[in-house]
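1. structure of the sequence below:
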Amino acid sequence: MRATKTKEIGVGDKAPGFSSQDETGRSWSLKALKGKTVVLYFYPKDNTSGCTAEACDFRDRFDAFAKKKVAVLGVSPDSAKSHAGFKAKHGLPFPLLVDDDKKICRAYKVWKKKSMYGRSYMGVERSTFVIGPDGVLQKIERQVSVPGHAQEMLESV
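-> The predicted structure follows:
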């Protein structure tokens, strides 16, 4: 029996639906955001240097995203409690979705095999998806390099 590889999602594809709760317990779903442009960014872990820099870059541009009527949502496998502390510590004005079962990460194909110091493990590949008001993927950035990324996303919407 041959293993089948799941197809990567691409620009022009319908964005995978999702539903989750944020750090306050509020429910969010792609369906409820229909009609809005959404920047959905996946990051590995709250309160780590790269993830903090990325979140703060989105925070610093949040008003500009809001002026364009763009919803910004962060997603990681961390708990609501962890997200709440991270959000409060850095004054993040956007929701952080809890994906502790990794359903959203798997749907967007960002739960990947990674390695560090010669050790392999499963984790989140830092990635961002711009989803149009019609639910179609407009832009995908994988293996994101944090410096300048939020500005690039802002310019793309």
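2. note down every partner strand of the worst-scoring helix or strand of the chain on mean pLDDT and its orientation.
-> When each helix and strand of the chain is scored by mean pLDDT, DSSP states H and E, strand 111-116 comes last, with a mean of 87. According to DSSP bridges, the neighbouring strands of strand 111-116, each with its direction, are strand 119-124 (antiparallel).
3. in its sheet, what does whichever helix or strand comes after the partner strand sit against?
-> The first helix or strand that comes after strand 119-124 along the chain, using DSSP states H and E, is strand 127-131. Strand pairing for strand 127-131, using DSSP bridges, gives strand 37-42 (antiparallel), strand 137-141 (antiparallel).
4. CA atoms only for the longest one, dumped as PDB, please.
-> Put plainly, it is strand 37-42. Taking Å, rounded to 0.1, in the frame of the first residue of the first chain, the C-alpha atoms of strand 37-42 are listed here in PDB:
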ATOM      1  CA  THR A  37     -10.400  40.200   4.300                       C
ATOM      2  CA  VAL A  38      -8.600  38.100   6.900                       C
ATOM      3  CA  VAL A  39      -4.900  37.900   7.700                       C
ATOM      4  CA  LEU A  40      -4.500  34.600   9.500                       C
ATOM      5  CA  TYR A  41      -1.000  34.100  10.900                       C
ATOM      6  CA  PHE A  42       0.400  31.000  12.500                       C
END
